[in-house]
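**Q** Sequence unavailable; structure follows:
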């Protein structure tokens, strides 16, 4: 399935178009790797994708169990490693609105987040540090 097209614009910048919707994003190299840091870097998108996937899968589970997680905010932190340069750690802090979730519902949502497709697709060398703030 074709997902996107990418065009290199020069000066370490790309434009990416999502084929189904036509929505576009720009990436820029980060300032610590010769870029301007004026947009998401490719590794920023990788880290952000983990949080987006967690939120989406939790949303599916929440809808199925009639739970309201609207307003949940995720903070993403990325730690780079050298030799080879790669993402070494992604930290996701999930901050839920006050909703008096039962322990069973918390466990259900936590399991959904930790087993989302992006989490399962990342190489085991990429440390995933996940914190749930209820």
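**A** Happy to help now that I have it. A quick note: this is a predicted structure, and the numbers were derived from the prediction, not measured.

**Q** pretty sure residue 55 belongs to a strand, no?
**A** No. With DSSP: H, G, I helix; E, B strand; the rest coil as the criterion, residue 55 is assigned helix and is not in a strand.

**Q** so who does it touch?
**A** Taking CB atoms under 8 Å, 6 or more residues apart in numbering, we find residue 55 in contact with 72, 74, 113. The C-beta positions use only the backbone N, C-alpha and C, and glycine is treated the same way.

**Q** how near is the nearest residue to the last one once chain neighbours are set aside to residue 80?
**A** In other words, residue 113. In this structure, residue 113 finds its nearest non-sequential neighbour in residue 54, 4.0 Å apart by CB to CB, 6 or more residues apart in numbering. Distance of residue 54 to residue 80, given as CB to CB, to the nearest Å: 21 Å.

**Q** Ok, residue 96 next?
**A** From residue 96 over to residue 80 the distance is 28 Å, taken as CB to CB.

**Q** go on, residue 108?
**A** Separation of residue 108 from residue 80 (CB to CB): 33 Å.

**Q** Compare the two (neighbour count), which wins?
**A** More crowded of residue 108 and residue 80, by other CB atoms under 10 Å: residue 108, with 18 against 15.

**Q** Can you give me the domain assignment for the chain?
**A** As recorded under automatic domain parsing, the domains making up the chain are 4-33, 42-133.

**Q** tell me the contacts of residue 93?
**A** 74, 75, 77, 131, 133.

**Q** can you pull the pLDDT of it?
**A** At residue 93, the model reports a pLDDT of 98.

**Q** Next: the one 5 residues further on.
**A** pLDDT, residue 98: 90.

**Q** Mind telling me what element it is part of?
**A** Per DSSP states H and E: residue 98 is located in neither a helix nor a strand.

**Q** So residue 8 lies in a strand, does it not?
**A** Yes. Counting by three-state DSSP, one finds residue 8 located in a strand.

**Q** What is the burial count for it?
**A** When neighbours are defined as other CB under 10 Å, residue 8 has 10 of them.
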